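Sequence and computational prediction follow.
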Amino acid sequence: MDLLAAINREERKLETELSKLQGKLNGVRAAAKALGDTTAREIVGVKKRVLSAAARAKISKATKARWAKFRAQAKKAAS
């Protein structure tokens, strides 16, 4: 029965925290709306970083080399 009570307490804490966060989010949205449409777009529209094909290939090659090294060490340890 103590476990159920602990779960209920934790649920109440989380619900309280959720309501606080929702209030803060509403405040931020209201401020963005008051400042105008351009600000709202800036908050929502975050640009992604773009990697060149060469950079992606270099990262992929380095990752494969790290995993090959890891597998070789694991194979030595197992032997």
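Sure thing, it's come through.

By mean pLDDT, flag the weakest helix or strand of this structure.
helix 37-44 (a mean of 56; mean pLDDT, DSSP states H and E).

Report the next helix or strand after it in sequence order.
helix 53-78 (DSSP states H and E).

Mind listing what's buried along the helix ranked longest in the chain?
The longest helix of the chain (DSSP state H) is helix 2-35. Within helix 2-35, the residues scored as buried using 16 or more other Cβ atoms under 10 Å are A32. Glycine gets a C-beta too; all of them are placed from N, C-alpha and C.

Which neighbouring elements make contact with that helix?
If contacts are counted by 3 or more Cβ pairs under 8 Å, 6 or more residues apart in numbering; DSSP states H and E, helix 2-35 sits against helix 37-44.

so how far is stretch 5-24 off the chain centroid?
Mean-position distance between stretch 5-24 and its chain equals 21 Å (Cα atoms, centre = their mean, to the nearest Å).

Using CSV, write down the CA coordinates of it.
Listed next in CSV are the C-alpha coordinates belonging to stretch 5-24 (Å, rounded to 0.1, in the frame of the first residue of the first chain):
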residue,chain,number,x,y,z
ALA,A,5,0.8,6.1,-2.0
ALA,A,6,4.3,6.9,-3.2
ILE,A,7,3.1,6.7,-6.8
ASN,A,8,0.2,9.0,-6.1
ARG,A,9,2.4,11.6,-4.4
GLU,A,10,4.8,11.5,-7.4
GLU,A,11,1.9,11.9,-9.8
ARG,A,12,0.7,15.0,-7.9
LYS,A,13,4.2,16.4,-8.0
LEU,A,14,4.5,15.9,-11.7
GLU,A,15,1.0,17.3,-12.4
THR,A,16,2.0,20.4,-10.4
GLU,A,17,5.2,20.8,-12.3
LEU,A,18,3.4,20.3,-15.6
SER,A,19,0.9,23.1,-14.8
LYS,A,20,3.8,25.4,-13.9
LEU,A,21,5.6,24.7,-17.2
GLN,A,22,2.4,25.1,-19.2
GLY,A,23,1.9,28.6,-17.5
LYS,A,24,5.4,29.5,-18.5
